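Just a sequence and a predicted model for now, questions to come.
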Amino acid sequence: MFHIDPMHQFQIHPLFGEGEVHWYTVSNVTLWLAITVLVIAAILIFGTRRRAMIPSRSQSVAELIYGFIHNMVEEVTGHDGVKYFPYVLTLFLFVLFANVLGLIPTSFTTTSHFAVTVTLALMVFLGVTLLGLYRKGLGFLSMFWVSSAPLAIRPILAIIEVISYFVRPVSHSIRLGGNMMAGHAVMKVIAGFATMAVVSPVVVGSIALIYGLETLVAVVQAYVFTILTCVYLRDAVGDNHH
């Protein structure tokens, strides 16, 4: 019987033995999170170990990523936000390589699970909030008060601003996790039709096209997650204009 289970690839299971998965269980998610960190470390270490005046290919890639994210942080957050560049770069690299490694056959896409993306989003949300309160004190709350609006509607706008602020980690995490899960599910469904010899040439071409599209999505989603982090960071380190 022709059967497709596109959600099977997202199942979490222990690496050793069987049974329920708890927060301390070493699982396939743990494995691919560790692989992501090791791959990033290896690329940066081997890519910059020589630091030659005429860079090698690996050094050029490392410098390109470094310069791209540094310029993004400076342009979006301003000069005061550059000191937080290492965290933003780390976040970008982690999301990027987690997305890309998830495209390897038989691998596991960690960023397709909301437990991972929500954790990343909450780290940004709590970090930005605490940083804003530390730097500006109660003045940080002025971002919710739209002083340029008529006085009569300012309280209503303040409520809307507060709600939109606390919704940030939800939209931040769902955007990444939803896109990664949807794309991989579509690839699995189309790949299932490859068992039908009549349409296999069409299916192979479709899979190749979607795989290329998913590669682009993996990069774009890492960029979107990072630039939103910079936008949120700007609220904590920049001047509020309303």
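Received, thanks. Numbers count the residues shown, from 1 in each chain.

list the buried ones in the strand or helix carrying S171?
Here S171, judged by DSSP states H and E, is contained in helix 154-192. Residues of helix 154-192 classed as buried by neighbour count (16 or more other Cβ atoms under 10 Å): 154, 157-158, 161, 165, 168-169, 172-173, 175-177, 179-181, 183-188, 190-191. Where C-beta positions appear, they are placed from N, C-alpha and C, glycine not excepted.

now do stretch 70-89
The neighbour-count check on stretch 70-89 (16+ other Cβ under 10 Å) flags M72, V73, V76, T77, G81, Y84, F85, V88, L89 as buried.

Out of those residues, which is nearest to I40?
When these are compared for distance to I40 (Cβ to Cβ), L89 wins out at 10.2 Å.

avg pLDDT for stretch 129-144?
Averaging pLDDT along stretch 129-144 gives 88.

Now do the buried residues in that stretch.
T129, L131, G132, K136, F140, M143, F144.

Go through the residues you listed and name the one nearest Y66.
Of all the buried residues of stretch 129-144, L131 has the smallest distance to Y66: 22.8 Å, by Cβ to Cβ.

I figured the closest one hits V237, correct?
Yes - the pair L131 and V237 passes the contact test of Cβ atoms under 8 Å, sitting 7.2 Å apart.

What is the neighbour count of H13?
The local packing of H13 (other Cβ atoms under 10 Å) involves 13 other residues.

do V237 as well
There are 19 residues near V237, going by other Cβ under 10 Å.

residue contacts, it?
By Cβ atoms under 8 Å, 6 or more residues apart in numbering, the contact set of V237 is T77, G78, D80, G81, Y84, L131, G132, R135.

Next step: those residues restricted to strands.
In strands, defined here by DSSP state E, there are no members of the contacts of V237.

Out of the residues you listed, which sit inside helices?
For the contacts of V237, membership in helices holds for T77, L131, G132, R135, with DSSP state H as the criterion.
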